[in-house]
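Trainee: I'll drop the sequence and a predicted model, then ask my questions.
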Amino acid sequence: MFTRDHIHSIIPEPAGRVQSPASDEIKQADQGSHEHESHENRPVEAAHDVVVDHKSDVIQKPEVTNFKTAREGIESLMKYIRSPNASACGNPVLVGGPLDRKGDGVWTVCADRILRDGQPCVVYSFGICNDFSFDDEMNLKGCEVHSFDPSMGVESYSRSKTHWFHDAGISGIDDSNYTDHRSSMLGKGVKPWVVKTIPSWMSTLSHNHISLLKVDVEYCEWDALNQLLKSPDIQNIDQIIFEVHFWPGRRSNPEAVSVLDAVQSWMDVLITIEKAGFQHFSTHENPMSSGEVIDEYHYPCCFEVGYVRSF
């Protein structure tokens, strides 16, 4: 179980998501010969990374607050991230990643809110980096899946009758010539991207409901989620799982943003998600997480977090 103690040990620097050519598997998929054998017969496993407050099933979440110091904001942010309400989901399961469910690419999904009898399942997955394990598994479970990643150098194609890859991404704006990539893939010589807001993708793909929204887009999550929270379409999403990326110093193209201002903006987004009718049900520190040393304390940069709508 995560604690509030400061993390003093330095975690190895992650390899990061970089532009890479299509793998042989993807090339075969583009020709219509993609196979799903690695995850097809995998049993559903209960999630083991959900943090539970054993003193109370209900965790009081802080209101959006104007922090006075960076240290105060960081402590509040770390406490919030590490204190999900596990009782918000009765059946958390692990999906994607290696077959042993260890390592990067494993996500905690609340099965309470997905694949219900008679309910269509639509999954949007942003950020693939050549790892379709999560997306393929959700497709095999019966969901219509749309996978997005403009950084892979792979053209859009159909992986199955109900699974599509889109050579495009998300942002807080719609732009067919997007070059302000706020991610670790900056400076790699990638071509301009096609990006849209999540509501715009829903309109483009003729969806009025998303069962599960998965986002892992190397800092771009903040602009995209902030825009989504201002749209009525946030009420048409059942579940959001995403990787948060912290600390301005880790951005490939850092702007003149203070730690205090950055922490304030991140906390505002997270709390506003809850105010939109979601509960924070899971947290898992990315096993490849590095971090930032601030005031002699080391803080991890990356967590996968899950929010499920309260009904």
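Mentor: Right, received. Where do you want to start?
Trainee: so Asp167 sits right up against Ile128, yeah?
Mentor: No. Using Cβ atoms under 8 Å, Asp167 is not in contact with Ile128, being 10.5 Å away. Placement of C-beta: from N, CA and C, glycine included.
Trainee: neighbour count winner among those two?
Mentor: Neighbour comparison, Asp167 and Ile128: the larger count goes to Ile128, with 24 against 17 (by other Cβ atoms under 10 Å).
Trainee: Could you pull up the contacting residues of the closest residue to that one other than its chain neighbours?
Mentor: Spatial nearest neighbour of Ile128, excluding adjacent residues (Cβ to Cβ, 6 or more residues apart in numbering): Asp149 at 4.0 Å. Counting by Cβ atoms under 8 Å, 6 or more residues apart in numbering, Asp149 touches 126-129, 165-167, 169.
Trainee: ok, which pair from those is furthest apart?
Mentor: Maximum pairwise distance among these (Cβ to Cβ): 14.4 Å, between Cys129 and His166.
Trainee: If you count surrounding residues, which of these two has more?
Mentor: For Cys129 versus His166, neighbours defined as other Cβ under 10 Å are more numerous around His166 (23 against 19).
Trainee: helices and strands around the host helix or strand of Asn226, which ones?
Mentor: Taking DSSP states H and E as the criterion, Asn226 maps to helix 221-228. The contact analysis (3 or more Cβ pairs under 8 Å, 6 or more residues apart in numbering; DSSP states H and E) places helix 221-228 against helix 198-204, strand 212-215, strand 239-245, helix 259-275.
Trainee: Using CSV, please lay out these together with mean neighbour count, mean pLDDT and distance to Ser87.
Mentor: Output for the helices and strands packed on helix 221-228, formatted as CSV (neighbours: other Cβ atoms under 10 Å; pLDDT from 0 to 100; distance: least, Cβ to Cβ, whole Å):
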stretch, mean neighbour count, mean pLDDT, distance to Ser87
helix 198-204, 18, 98, 28
strand 212-215, 24, 98, 20
strand 239-245, 23, 95, 16
helix 259-275, 18, 91, 15
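Trainee: mind giving me JSON lines with these and columns for distance to Pro300?
Mentor: Shown next, in JSON lines, are the helices and strands packed on helix 221-228 (distance: least, Cβ to Cβ, whole Å):
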{"stretch": "helix 198-204", "distance to Pro300": "26"}
{"stretch": "strand 212-215", "distance to Pro300": "18"}
{"stretch": "strand 239-245", "distance to Pro300": "10"}
{"stretch": "helix 259-275", "distance to Pro300": "14"}
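Trainee: Which among the ones you listed is found nearest to Lys79?
Mentor: Nearest to Lys79 among the helices and strands packed on helix 221-228 is helix 259-275 (10.5 Å), distances taken as Cβ to Cβ.
Trainee: and the angle from the helix or strand that comes right after the closest one to strand 239-245?
Mentor: Following helix 259-275 in sequence order, the next helix or strand is strand 278-285 (DSSP H and E). Relative orientation of strand 278-285 and strand 239-245, computed by axes from the mean of the first three to the mean of the last three Cα atoms, to 10 degrees: 40 degrees.
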